[in-house]
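Asker: below are the sequence and a predicted model; questions follow.
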Protein chains: 4
Amino acid sequence: MTHKIAILGASGYTGAELIRLIAQHPNLEITALSGERKAGMEMAEVFPHLRHMSLPRLCRIDEIDFSQIDLCFCALPHKTSQEVIAALPGDLKIVDLSADFRLRDPADYEMWYGNKHAALAQQEEAVYGLTEFYREEIRGARLVAGTGCNAATGQFALRPLISAGVIDLDEIILDLKCAVSGAGRSLKENLLHAELSEGYNPYAIGSTHRHLGEFDQEFSKLAGRPVKVQFTPHLIPANRGILATVYVKGDAQAIHDTLAAAYADEPFIQMLPFGEAPSTHHVRGSNYCHIGVAADRLPGRAIVFAALDNLTKGSSGQALQNANLMLGENEEEGLTMAPLFP
Amino acid sequence: MTHKIAILGASGYTGAELIRLIAQHPNLEITALSGERKAGMEMAEVFPHLRHMSLPRLCRIDEIDFSQIDLCFCALPHKTSQEVIAALPGDLKIVDLSADFRLRDPADYEMWYGNKHAALAQQEEAVYGLTEFYREEIRGARLVAGTGCNAATGQFALRPLISAGVIDLDEIILDLKCAVSGAGRSLKENLLHAELSEGYNPYAIGSTHRHLGEFDQEFSKLAGRPVKVQFTPHLIPANRGILATVYVKGDAQAIHDTLAAAYADEPFIQMLPFGEAPSTHHVRGSNYCHIGVAADRLPGRAIVFAALDNLTKGSSGQALQNANLMLGENEEEGLTMAPLFP
Amino acid sequence: MTHKIAILGASGYTGAELIRLIAQHPNLEITALSGERKAGMEMAEVFPHLRHMSLPRLCRIDEIDFSQIDLCFCALPHKTSQEVIAALPGDLKIVDLSADFRLRDPADYEMWYGNKHAALAQQEEAVYGLTEFYREEIRGARLVAGTGCNAATGQFALRPLISAGVIDLDEIILDLKCAVSGAGRSLKENLLHAELSEGYNPYAIGSTHRHLGEFDQEFSKLAGRPVKVQFTPHLIPANRGILATVYVKGDAQAIHDTLAAAYADEPFIQMLPFGEAPSTHHVRGSNYCHIGVAADRLPGRAIVFAALDNLTKGSSGQALQNANLMLGENEEEGLTMAPLFP
Amino acid sequence: MTHKIAILGASGYTGAELIRLIAQHPNLEITALSGERKAGMEMAEVFPHLRHMSLPRLCRIDEIDFSQIDLCFCALPHKTSQEVIAALPGDLKIVDLSADFRLRDPADYEMWYGNKHAALAQQEEAVYGLTEFYREEIRGARLVAGTGCNAATGQFALRPLISAGVIDLDEIILDLKCAVSGAGRSLKENLLHAELSEGYNPYAIGSTHRHLGEFDQEFSKLAGRPVKVQFTPHLIPANRGILATVYVKGDAQAIHDTLAAAYADEPFIQMLPFGEAPSTHHVRGSNYCHIGVAADRLPGRAIVFAALDNLTKGSSGQALQNANLMLGENEEEGLTMAPLFP
């Protein structure tokens, strides 16, 4: 059975990544692609790498007949997304890739994003989209909120450890490195090749990055008490990939055992042997997440590493994984391609 | 029906690329992987990006029971390849990725590669592996010689033009740019990141590159008289991709029409609209080749551009495309993934 | 004796490069820096790499007292530059880095740049700034027009050959590769890291690039008859550097001899031994230009390679070299730093 | 007065960087360059970017007449360096760039480097080369041991804080990112462009990197009691630059004040305004180190960032700074060039 798919915001990187992935899916058919500013254009003009595919032209959202759509991916900017989704049919299955429906408490949303939420009804029904931990809720959900790419990476490293109580909850430091496509296709000076290439710098320093809202919400929920981590993201001079280096206090072997047990049956989470660390180059273009654990020379301290592709497992791949669940498809369908190396 | 596959030289980039592609193929099963120096190792140690796959350990070639193999890919270095293939069963289907069986005339081989050919019997039966132009021969072949990655790119730009007689055969200049993975995983100073990144240089200058042997052979055969092109390759500070900029004399529109007609039914060759040029970024990781044509301001001159991924369409993708034909499979199977962008 | 210097347009890459170079000059003192949109800002905010220097704040052009300035560099966009320069004091020494005063014939300017020239008086007195070939005129000039970076590279490869008559003037093909900083600090999608890195593409195809205006003017002047070259620029995924690969017809050894003789006493032009080719990595950040010549396998054909740093020898370094001449300083002052490698 | 200089190990990156810097020094003259395996070659063959310079040919060490040398830089590999230096004249001024003389206790050396020290007499007289903190000792030293590039970066961030007692000495985490030239010009698979570019990974995980020997020695000496930090280096896909992200417990404002006071008169250490972070791109190719401090959202926690160029301030620039002191030259001579950006 073929499911008809719409992608809103198909002129951005996560939109293009969805198309790349869906092209490998036997049971999904792309029926509508929106891009307000580029409406009327062929996808081959907007993304020449999709030239070989037969795709609908970009259109405006109001041109789409949603009664013909089985599931809609929203790859729109924050804030725009909630306005658009509030106006979509109330029974349309939606996977939202923006930040708009990730935080359960509207006050948290307002604190981190600076504006009042404009789709509170939808926000209330939204399910947090970290597949491996919300699988059953996602299966029955109408609206799934894709996680932040940084937030996904940190959570893969930490959730089982917080649940199992094997680390000190007040001493978690997340030093994270993210490639440039995480910032999207926006025209900003610091995203220019000449500024970024051959350089390296932190940003959102002092634990001010918005993805902390997700960490706070999820880690505190797991622990049953407030958990606040330190989080410093850095910009890697590369196009894809996130590496989280997480400093924790606890027994390294117990930490590795806990993660290995938690992910033993997860197809997309690969545990490395104890003492080994992953590389972003080894997950690029794929839906896999590699996790490693090492003991520090200081007793009682460990480092957990998690690597994934921000556009795939961190965003569009996760979105497709969730859509598979919502549509009753095999969760792995369209997502098993190996990473591109080199 | 499942075909059992062996890959000899699986510890190099073209070997890893074959595994990546075959993983998407429903009817091929990797049964043996050789790597002499790394025999006994798991592929996850040699190529951590393949960690999620269930693959045989690397072994020595002499450990493989070829009676159980339906088709063997040889991704070995030049010269080694001919020695190995001469010793393999005479009825084993083989796709060779090295340079050893590309040149029909042993004297040409010796001139370009510097040594006497050691497998003349096999060389005689080998079919040149440029799929789009040798499809029928490949279908019936036992041994197919994969083309050079630069040679493939240049031929896609030029073959239909030479056949159609729409360009001056004595005035062809191939200015070619190739990414670093074309040189393989060998430890050479000029392939170090610190030497290559932020730099750009030509090599094999003066039309001395070995792939000229293929150009001379194929273009002269097409024209029915000797054709010798100028060919200058350059090293791009990037991992994958070849762009050929071909300067020709002829009518640009006729050139575009000729190419468009020749490739109208080819699934992997994409013609761009007249006056547009391709980018290597738009074919990366895929089996597609993008071709563009522009008229120069000087009357009677045109530029033809061809872009492909040296590891995919230029090597392992082409090899799988040929294997599909040899095995009676759909030619496109395992090869339709979209390029990775960004 | 200290010369007081103003730089107009100091918030762009060529402005910053001028500051970097002038910092090594014992007799120049930066007195004023303009940047209309960033007026009032400290340079450390605009270019943090200049943080250690004691520099004037950015101001508006109309805030500068030009009576206190000995020489003014204009690093403004095309078209803006001519309007600004028309309004500056008529006796102020100026080195302009824009395209506005490069073409001697106002009709040529209008053809290539699309607008009528707005400072014809100044254009008439301007001297073309390719130092090695206009040294005496520059010494006495009030207004010098810096060459295009591509135009400089191609001319270094070709001028002595055209003058000496050792190549066929109707068969010159310039295949040029330029790094991304040549496009400046402008916010364009194709200059984003995610678009450019790991990619490679031609642009301005069909000999439509504006620097052809300079080639036509200068080569025709040298030859005493119209000379029109083919010129295809490509974008290198790197920050700095231009490589010109020039296909010519003539005797390779005579070509090398001619270039070696022409540049024997030039401090910034380095001839490579016959048969060797340069790399942009070996001139990066310096004012040096490396030139190589190789014979093609086809008799009577040669390839000339020239490499330089587009921001230094191709723009700001050339500008300082010219300023040195105009101020009676040693031509090499501030310009002898070695390239940055790796 | 001109000082005659020898550089041993001039065919590596730190050797080439020394030449680049010395070229800007008015009072140093390079008299001898050694390179055992490349003895007899011109530097233009080994490092074409130095082609414009007039330099001695590479020779073997035993060909150098050290009685004519005022100061010798040793840019040799670890272990080789101590053997060579043990055999040099006992009154020759030496700046060693290797790890051989950094650790005061031979047992520490053996623990971190795995072999017994072979030049104990020289080791005893060696002075640790972190200029800003050993200035007076260096002025009078015969043999100065250049610091590790990572070790220098971490110490710039931390030394004043440990001295002032404003941070918790048992809770220091150094998450460090280093570009690839830090690993030298050695032929290793993980340093290939195809392996490193577009990837990102940690190495020497679990606080096992040899530069910890320096941190332990220096921080414990400053504190008057053992101090052991956690230290995780990562490889940046870039050629130059180190960024240290240091997680500490203490008052962020007091930390910034302490660093600002400590470095107020240091020409090469630039403090950023409170709350700002540096980028490696803004120090590239220069001898400057940029330091920033931010308060974390968690009270009592701060992050200190330090960025420098591993080949310049982290190695060869530091070495020249020390040589200036040893020779009675102005400490900044030859080292004031601005960073190369972009």
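Answerer: Thanks, I have the structure now. Numbers count the residues shown, from 1 in each chain, chains lettered A, B, ... in the order given.

Asker: give me the contacts around stretch A:293-300.
Answerer: Taking contacts as Cβ atoms under 8 Å, 6 or more residues apart in numbering or on different chains, the residues outside stretch A:293-300 that touch it are A:249-253, A:255-256, A:259, A:272, A:274-277, A:301-305, D:205-208, D:212, D:228, D:230. C-betas here are computed from N, CA, C, even on glycine.

Asker: C-terminal to the strand or helix carrying residue A:157, what's the next element?
Answerer: According to DSSP states H and E, residue A:157 maps onto helix A:149-164. On the C-terminal side of helix A:149-164, the closest following helix or strand by DSSP H and E is strand A:173-179.

Asker: can that following strand be found next to chain B?
Answerer: No. Strand A:173-179 stays clear of chain B (Cβ under 8 Å from any Cβ of the partner chain), getting no nearer than 9.1 Å.

Asker: by contact count, what packs against that strand?
Answerer: helix A:149-164, strand A:230-236, strand A:242-249, strand D:173-179, strand D:242-249 (3 or more Cβ pairs under 8 Å, 6 or more residues apart in numbering or on different chains; DSSP states H and E).

Asker: one more pass at 7 Å, please.
Answerer: If contacts are counted by 3 or more Cβ pairs under 7 Å, 6 or more residues apart in numbering or on different chains; DSSP states H and E, strand A:173-179 sits against helix A:149-164, strand A:230-236, strand A:242-249.

Asker: would you mind giving the secondary structure of the spatially most distant residue from the centre of chain A?
Answerer: Taking Cα atoms, centre = their mean as the measure, the residue most remote from the mean C-alpha position of chain A is residue A:299, 33.6 Å away. Here residue A:299 is recorded as coil under DSSP: H, G, I helix; E, B strand; the rest coil.

Asker: can you give me the pLDDT of it?
Answerer: Predicted confidence (pLDDT) for residue A:299: 97.

Asker: repeat for residue A:194
Answerer: 97.

Asker: could you double-check that it lies in contact with residue C:239?
Answerer: Yes. Using Cβ atoms under 7 Å, residue A:194 makes contact with residue C:239 at a distance of 5.1 Å.

Asker: could you pick out the residues of chain A near chain C for me?
Answerer: Taking Cβ under 7 Å from any Cβ of the partner chain as the criterion, chain A approaches chain C at residues A:13, A:180-181, A:185, A:187, A:189, A:191-194, A:196-198, A:239.

Asker: pipe these into CSV and attach distance to chain B per row.
Answerer: Below are the residues of chain A next to chain C laid out as CSV (distance: Cβ to the nearest Cβ, whole Å):
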residue, distance to chain B
A:13, 6
A:180, 8
A:181, 5
A:185, 9
A:187, 15
A:189, 18
A:191, 11
A:192, 14
A:193, 11
A:194, 11
A:196, 12
A:197, 8
A:198, 6
A:239, 4
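
Asker: does residue A:175 really touch residue A:231, like I thought?
Answerer: No. The criterion here is Cβ under 7 Å, and residue A:175 misses it with residue A:231 at 8.3 Å.

Asker: contacts only, for residue A:135.
Answerer: residue A:325 (Cβ atoms under 7 Å, 6 or more residues apart in numbering or on different chains).

Asker: list the buried ones in the strand or helix carrying it?
Answerer: Using DSSP H and E, residue A:135 sits in helix A:131-139. Applying a neighbour-count criterion of 16 or more other Cβ atoms under 10 Å in any protein chain shown, one finds A:131-134, A:138-139 buried in helix A:131-139.

Asker: domain-wise, how is chain A divided?
Answerer: Domain assignment for chain A, taken from automatic domain parsing, gives A:3-147+A:313-326, A:150-309.

Asker: which of the ones you listed is buried the deepest?
Answerer: Highest mean neighbour count of the domains of chain A: domain A:150-309, a mean of 22 (counted as mean count of other Cβ atoms under 10 Å in any protein chain shown).

Asker: kindly check the end-to-end length of that one for me.
Answerer: By Cα to Cα, to the nearest Å, the extent of domain A:150-309 from end to end equals 10 Å.

Asker: same deal with stretch A:286-301?
Answerer: This stretch, stretch A:286-301, spans 31 Å end to end (Cα to Cα).

Asker: ok, now stretch A:236-245?
Answerer: Note: stretch A:236-245 ends 14 Å apart using Cα to Cα.

Asker: what's the nearest residue to residue A:197 if we skip its chain neighbours?
Answerer: residue A:237 (5.1 Å; Cβ to Cβ, 6 or more residues apart in numbering or on different chains).

Asker: returning to that earlier point: possible to save the domains of chain A as CSV with distance to residue D:162?
Answerer: Formatted as CSV, the domains of chain A follow (distance: least, Cβ to Cβ, whole Å):
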stretch, distance to residue D:162
domain A:3-147+A:313-326, 35
domain A:150-309, 17
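
Asker: and residue A:151, how far from chain D?
Answerer: Per Cβ to the nearest Cβ, to the nearest Å, residue A:151 is found 16 Å from chain D.

Asker: check contacts around that residue.
Answerer: Contacts of residue A:151 (Cβ under 7 Å, 6+ apart): A:211, A:214-215.

Asker: got TSV for these, with secondary structure, pLDDT and distance to chain D too?
Answerer: Formatted as TSV, the contacts of residue A:151 follow (DSSP: H, G, I helix; E, B strand; the rest coil; pLDDT from 0 to 100; distance: Cβ to the nearest Cβ, whole Å):
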residue	secondary structure	pLDDT	distance to chain D
A:211	coil	95	13
A:214	helix	98	15
A:215	helix	98	11
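
Asker: of the residues you listed, closest to residue D:50?
Answerer: Nearest to residue D:50 among the contacts of residue A:151: residue A:211, at 46.7 Å, using Cβ to Cβ.

Asker: would you check that that closest one makes contact with residue A:147?
Answerer: No. Checked against Cβ under 7 Å, the pair residue A:211 and residue A:147 is beyond contact range at 8.5 Å.

Asker: picking up where we left off before, which of the residues of chain A next to chain C fall in helices?
Answerer: In helices, defined here by DSSP state H, the members of the residues of chain A next to chain C are A:13, A:193-194, A:196.

Asker: so which bits of the stretch 101-250 of chain A are right by chain D?
Answerer: With the criterion set to Cβ under 7 Å from any Cβ, the stretch 101-250 of chain A comes near chain D through A:173, A:175, A:177, A:194-195, A:198-202, A:205-208, A:228, A:230, A:232, A:236-239, A:241, A:243, A:245, A:247.

Asker: got the residues of the stretch 151-300 of chain A near chain B?
Answerer: Counting by Cβ under 7 Å from any Cβ, the stretch 151-300 of chain A sits next to chain B at A:181, A:198, A:239-240, A:270, A:279, A:282-283, A:285, A:288, A:290.
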